[in-house]
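Asks: Need a 3D model of the following:
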Amino acid sequence: MGIRSEMSFLLEEEKANKKKLEKDKKDAKKKLEDAKRKEIEDRKSELEATKESYIKFKKDVRNKLFSEALTCICTQSINNPTDTEKRLMKNIVTNYVVENGALSLINNSRHPLMVDVKDMVNEYYSKLIENADETNIYTHTIDPITITDFFKDLDKLDDIEDATGTIRARVAMAEEEFVTKNAVDKQNIDTVLKDTNEKIKSAKEGLDNNYSEEVADEVAQEAAKLGKEKIYRINKQPKNLFHEMVTRLAKSALNDEVNRQRFVNENSRLDMFKITESVRCMYTMLEAVSTLKIENVDEKYIKNVLESI
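Replies: As a prediction, this is how the structure comes out:
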């Protein structure tokens, strides 16, 4: 290679190295800018997530306080509630409050007890969010000691015993009416079945004496048809709301897989004790929101409740 060719090669190599160096600098600069941009975006996302967490925390606090208050009222409205009823009631009330929002529900009512509950919820709401930092997600927690104090103060409310007593009496009356009518209906159906069987038996026994085989079959079929019609009319007689809720939940247990697992026992029979227990909790909740004027429990509201079962 000549001197001129070697110089040209060196110049080209130097130019290529310089070009590579410039590219490396640009790449490094871009990488640094991208890293800073990502850091800013991550920080922004973190701040937004923390802000959303704080908003959700405040909503959860109010829902928690009102749910606990309403659960306490409803549970005290059941005579000697079982552990299952306590658990069911808590689930029913919590779902109801989360779905509708504590703030809206509290503001709906002007019942004296609810006015006191509203004041107490607001007081403890302020206490629970007082030390929460909007920018620190780890402070968005509900203090259990403050919740315990909330329960203690809740028990001291003057009108709570009167309200729970009223609700308890209405639930007991509705359930007693259901039990009585159920027993009467069962007795009437048993009577119809007995009469029907006797008529069918009488028709068959008269086959050798007064009836031809064809006439005996007609008499037996007519007796069976009349028996079914009488039982249908008994089952279609007006029921109170508690009774209707039991009937609907029982039907749901036969048609819905989730409810079948809950309410059909190992012998493939409906567990009426469990069904009635669940309805007792649902009906207590219904009487509570009506008595406390949280909801306008009119015909439309009741229809929606029944359709949801």
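Asks: Dump the C-alpha coordinates for stretch 60-74 into CSV.
Replies: This file holds the C-alpha atoms of stretch 60-74, laid out as CSV (Å, rounded to 0.1, in the frame of the first residue of the first chain):
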residue,chain,number,x,y,z
ASP,A,60,-64.3,3.1,51.6
VAL,A,61,-64.1,4.7,55.0
ARG,A,62,-67.6,6.3,54.7
ASN,A,63,-69.0,3.0,53.3
LYS,A,64,-67.3,1.0,56.0
LEU,A,65,-68.7,3.2,58.8
PHE,A,66,-72.3,3.3,57.5
SER,A,67,-72.2,-0.5,56.7
GLU,A,68,-71.2,-1.3,60.2
ALA,A,69,-73.9,1.0,61.7
LEU,A,70,-76.6,-0.4,59.5
THR,A,71,-75.4,-4.0,60.0
CYS,A,72,-75.5,-3.4,63.8
ILE,A,73,-79.1,-2.1,63.6
CYS,A,74,-80.3,-5.0,61.4
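Asks: May I see the buried residues of it?
Replies: 60-74 (16 or more other CB atoms under 10 Å). Just so you know, the C-beta spots here come from the backbone N, C-alpha and C atoms, and that holds for glycine as well.
Asks: following the lowest-mean-pLDDT helix or strand in the chain, which helix or strand shows up next?
Replies: In the chain, no helix or strand scores lower on mean pLDDT, DSSP states H and E than helix 213-235, which sits at a mean of 71. Beyond helix 213-235 on the C-terminal side, the first helix or strand identified by DSSP states H and E is helix 241-255.
Asks: Restricting to C-alpha, output whatever helix or strand comes next after that next one in PDB.
Replies: Per DSSP H and E, the first helix or strand lying C-terminal to helix 241-255 is helix 257-263. What follows is helix 257-263, C-alpha atoms only, in PDB (Å, rounded to 0.1, in the frame of the first residue of the first chain):
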ATOM      1  CA  GLU A 257     -76.600 -23.700  40.300                       C
ATOM      2  CA  VAL A 258     -75.100 -21.400  43.000                       C
ATOM      3  CA  ASN A 259     -78.300 -21.400  45.000                       C
ATOM      4  CA  ARG A 260     -78.700 -25.100  44.500                       C
ATOM      5  CA  GLN A 261     -75.300 -25.700  46.200                       C
ATOM      6  CA  ARG A 262     -76.400 -23.400  49.100                       C
ATOM      7  CA  PHE A 263     -80.000 -24.600  49.700                       C
END
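Asks: For the helix or strand that comes right after helix 257-263, what is the distance to the chain centroid?
Replies: Once helix 257-263 ends, the next helix or strand along the chain (criterion: DSSP H and E) is helix 272-291. When distances are taken as CA atoms, centre = their mean, to the nearest Å, helix 272-291 is centred 13 Å away from the chain's centroid.
Asks: tell me which element the residue nearest in space to the middle of the chain is part of?
Replies: The centre of the chain sits closest to residue 95, judged by CA atoms, centre = their mean, with a distance of 3.9 Å. In this structure, residue 95 sits in helix 83-100 according to DSSP H and E.
Asks: avg pLDDT for that helix?
Replies: On average, the pLDDT along helix 83-100 is 94.
Asks: That helix relative to helix 272-291, how many degrees between them?
Replies: 40 degrees (axes from the mean of the first three to the mean of the last three CA atoms, to 10 degrees).
Asks: what comes up buried for helix 83-100?
Replies: Quick answer for helix 83-100 (16+ other CB under 10 Å): 85, 88-90, 92-94, 96-97.
Asks: just stretch 243-258 next, same as before
Replies: Of the residues in stretch 243-258, those buried (16+ other CB under 10 Å) are 243-250, 252-253.
Asks: Tell me how far it lies from the chain's centre.
Replies: Centroid separation between stretch 243-258 and its chain, computed with CA atoms, centre = their mean, is 16 Å.
Asks: pLDDT on it, on average?
Replies: Mean pLDDT, computed over stretch 243-258, is 89.
Asks: Can you say which helix or strand has residue 295 in it?
Replies: Per DSSP H and E, there is no helix or strand for residue 295.
Asks: Tell me, how many residues neighbour it?
Replies: Neighbourhood size, residue 295 [other CB atoms under 10 Å]: 17.
Asks: need the contact list for it.
Replies: Residues in contact with residue 295, defined by CB atoms under 8 Å, 6 or more residues apart in numbering, are 108, 289, 301.
Asks: Where helices are concerned, which of the buried residues of stretch 60-74 count?
Replies: The helices, defined by DSSP state H, take in 60-74 from those.
Asks: List just the nearest of those to residue 233.
Replies: Closest approach between those and residue 233, by CB to CB: residue 74, at 36.3 Å.
Asks: any idea how far residue 120 is from residue 126?
Replies: 11 Å (CB to CB, to the nearest Å).
Asks: Compare the two and say which is more crowded by neighbours.
Replies: Taking other CB under 10 Å, residue 126 and residue 120 do not tie; residue 120 has more neighbours (18 against 10).
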